[in-house]
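[1] coordinates only, sequence not included:
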């Protein structure tokens, strides 16, 4: 049984379809739909498929006819079964098609996280839902799912949404987080675990900051911060306003990942695994932007009202300050208070800039208490700007920075037996740089390929020596590994890449190792110089 109903709502004509549409009733469905449309000049036609249970190819032809009459046609409320048919036949590429969403209630649910764009609730022991502030959040949900998937591919441990639901007047993303507890919850209920939380918190942060993101995949935080500065400068004295914009514009470009809202409610402990959640703020940029956000979460928002952090994180202001300071010590590997204070002040400049803009845009100047906050942040910001000449800093902290810039060399016989020694030598250097595991694996694979080639072919049938050099560059953090041998001249890069489209029986044996090396490294170069083969691998961390 089928039914066709029509109604006009705002600037849309809505045609509701229900029941089954097949070859037996498709002609009458089309006739009724055309009668509803009449002689209207359509610019916006919406097909409501909430109660449509089945559609055949004949029904699809009806939809196609209507789509040709109204190029702006869209379909909403589609069941999973009908959506699969529309998707397989290409209708989801021809027009907007929106699935029906199951309804979830958060009444009585525990709040476990809160971010700039939404709040996360536990709906049962296995699952949580992030409810978005924006009632029309479908595009935001799609963005967050895409960037979370990108983060997972790049080696960031995170939960991926498996369902989109309707929650009241808004939408939500559902994640599986079995018996997970936020770091805020751990700090509140088990304060003796402060040092453990700091260590794991910074371990995850270094994984994030050590992840190089392909160009254009995530927003550039520097561009956003320049907009903040341009807005805020009009509320500062002229000298401070101009200097603020200059300092932000001078921050070096960096394509390493930032979380953008990195606080203890967005880190979850599931069994023994630490997971990052609330991924919609992912961006790239210099770590100063991240530390500004962290400072605001623990201190900036709560400087005048210490109850704010208590309500938000669950622990008191003194705990928040202690966690912030210990996090700086752990991240930079130094207890040099002068250095740490310098980093904090740079983070405060970005942080106050954001707070002032945020409050003013939300009507803060019209409220007496919020005006006091704005004046406080403004005073702190202008004072900091008088004594600050740069907002960037080295992530090594203190004397560790010079250590990172040193080259390290290993002279060793080029034999298979020495491969592990070479791998250990390089892995120790990568570990000192807090290199993400995924990048370590990629570098190890490339190193093995190059060293084994030297061992097998450079001096054959004799045995000769190889020199392995590790160098590190800053801004962005990059490792360069150089192999030098005095064997017979040979350029492995000159070999043609294998044709991966050929069937197995037609492929040449060999060549995949060098091909993989070129794919995984940012740059691979070779030269024969002064009687030596010199091959260099370059990888951003």
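    That came in fine, so what should we check first? Note that the structure is a prediction, hence the values are computed from the model and not measured. Residues are numbered from 1 along each chain as shown.
[2] burial of the residue lying closest to residue 255 once chain neighbours are set aside, as a residue count?
    In space, and not counting its chain neighbours, residue 255 is closest to residue 284: 5.0 Å by Cβ to Cβ, 6 or more residues apart in numbering. Where you see a C-beta, it was placed from the backbone N, CA and C, and this is true even at glycine. Residue 284 is flanked by 24 other residues according to other Cβ atoms under 10 Å.
[3] Report pLDDT for residue 252.
    Looking at residue 252, its pLDDT stands at 92.
[4] Next: the one 4 residues further on.
    Listed pLDDT for residue 256 reads 91.
[5] hmm, back to that, I figured the residue nearest to residue 255 hits residue 213, correct?
    Yes - shown here, residue 284 and residue 213 form a contact pair, counting by Cβ atoms under 8 Å, at 5.1 Å.
[6] Any chance you could list residues touching both of the two?
    Shared contacts of residue 284 and residue 213 (Cβ atoms under 8 Å, 6 or more residues apart in numbering): 255-257.
[7] between the residues you listed, which is nearest residue 204?
    residue 257 (11.5 Å; Cβ to Cβ).
[8] how close does the residue nearest to residue 255 get to residue 142?
    Here residue 284 is placed at a distance of 20 Å from residue 142 (Cβ to Cβ, to the nearest Å).
[9] next one: residue 158
    In this structure, residue 158 and residue 142 are 16 Å apart, going by Cβ to Cβ.
[10] you'd agree residue 487 is up against residue 533?
    Yes - shown here, residue 487 and residue 533 form a contact pair, counting by Cβ under 8 Å, at 6.3 Å.
[11] quick one, which of residue 158 and residue 142 is more surrounded?
    A direct count of neighbours by other Cβ under 10 Å for residue 158 and residue 142 places residue 158 higher, at 20 against 13.
[12] Counting neighbours, what do you get for the closest residue to the more buried one other than its chain neighbours?
    Spatial nearest neighbour of residue 158, chain neighbours left out: residue 276 (4.7 Å); criterion: Cβ to Cβ, 6+ apart. A count of nearby residues for residue 276, using other Cβ under 10 Å, gives 22.
[13] what does residue 427 give?
    Neighbour count for residue 427, taken as other Cβ under 10 Å: 15.
[14] hang on, it packs against residue 441?
    No - in this structure residue 427 lies outside contact range of residue 441 using Cβ under 8 Å: 10.2 Å.
[15] contacting residues around stretch 348-364?
    With contact meaning Cβ under 8 Å, 6+ apart, stretch 348-364 is reached by 225, 228-229, 231-232, 235, 244, 247-248, 288-289, 291-293, 295-296, 300-301, 370-371, 373-374, 377-378, 380-381, 384-385, 388, 391.
[16] coming back round to it: quickly list what's touching both of residue 487 and residue 533.
    454, 458.
[17] the more surrounded of the two?
    A direct count of neighbours by other Cβ under 10 Å for residue 487 and residue 533 places residue 533 higher, at 22 against 19.
[18] Each with direction, which strands does the helix or strand that one falls within pair with?
    Residue 533 belongs to strand 532-540 when assigned by DSSP states H and E. Strand pairing for strand 532-540, using DSSP bridges, gives strand 478-485 (antiparallel), strand 523-529 (antiparallel).
[19] Just the residues contacting the last one, thanks.
    Where contact means Cβ under 8 Å, 6+ apart, the residues beyond strand 523-529 that reach it are 446, 489, 491-493, 517-518, 533-538.
[20] Give me the buried stretch members for that strand, please.
    By neighbour count on 16 or more other Cβ atoms under 10 Å, the buried set for strand 523-529 is 524, 526.
[21] Any chance of the backbone angles for residue 132?
    Backbone torsions for residue 132, taken as degrees, to the nearest 10, come to phi -80, psi 140.
[22] residues near it, how many?
    Neighbour count for residue 132, taken as other Cβ under 10 Å: 21.
[23] Over to residue 330?
    18.
[24] how about it, what does it touch?
    Contact analysis of residue 330 by Cβ under 8 Å, 6+ apart lists 198-199, 201-202.
[25] Just give me the longest helix of this structure.
    Criterion DSSP state H: the longest helix present in the chain is helix 337-361.
[26] which residues of the stretch 201-350 of the chain score low on pLDDT?
    Along the stretch 201-350 of the chain, the model assigns pLDDT under 70 to no residue.
[27] Now do the residue nearest to residue 158 against residue 46, distance only.
    Applying Cβ to Cβ, the value for residue 276 to residue 46 is 38 Å.
[28] buried set for stretch 351-358?
    Those buried within stretch 351-358 under the rule 16+ other Cβ under 10 Å are 351-358.
[29] Could I get the average pLDDT for that stretch?
    On average, stretch 351-358 scores 97.
[30] And stretch 126-139, by the same measure?
    Averaged across stretch 126-139, pLDDT comes to 83.
[31] May I have the distance across that stretch, first residue to last?
    Start-to-end span of stretch 126-139 (Cα to Cα, to the nearest Å) is 26 Å.
[32] Count the residues that sit near residue 113.
    Counted with other Cβ under 10 Å, residue 113 comes out at 24.
[33] In terms of helix, strand or coil, where does it fall?
    strand (DSSP: H, G, I helix; E, B strand; the rest coil).
[34] do residue 419 as well
    At residue 419 the chain is in helix, as set by three-state DSSP.
[35] related to what we said a few turns ago, is it true that the residue nearest to residue 158 touches residue 203?
    No - using Cβ under 8 Å, residue 276 is not in contact with residue 203; the gap is 11.3 Å.
[36] Now do the contacts for the residue nearest the centre of the chain.
    Ranked by distance to the mean C-alpha position of the chain (Cα atoms, centre = their mean), the top residue is residue 282 at 3.8 Å. Applying Cβ under 8 Å, 6+ apart to residue 282 gives the contacts 147-148, 150-151, 218-219, 257-260.
[37] what would those look like in JSON lines with distance to residue 35 and secondary structure?
    Formatted as JSON lines, the contacts of residue 282 follow (distance: Cβ to Cβ, whole Å; DSSP: H, G, I helix; E, B strand; the rest coil):
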{"residue": "147", "distance to residue 35": "46", "secondary structure": "helix"}
{"residue": "148", "distance to residue 35": "46", "secondary structure": "helix"}
{"residue": "150", "distance to residue 35": "48", "secondary structure": "helix"}
{"residue": "151", "distance to residue 35": "51", "secondary structure": "helix"}
{"residue": "218", "distance to residue 35": "50", "secondary structure": "coil"}
{"residue": "219", "distance to residue 35": "48", "secondary structure": "coil"}
{"residue": "257", "distance to residue 35": "56", "secondary structure": "strand"}
{"residue": "258", "distance to residue 35": "56", "secondary structure": "strand"}
{"residue": "259", "distance to residue 35": "55", "secondary structure": "coil"}
{"residue": "260", "distance to residue 35": "52", "secondary structure": "coil"}
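[38] Of those, which is the nearest to residue 25?
    For the contacts of residue 282, the closest approach to residue 25 (Cβ to Cβ) belongs to residue 148, at 42.8 Å.
[39] Give me the nearest residue to the closest one, chain neighbours excluded.
    residue 279 (4.2 Å).
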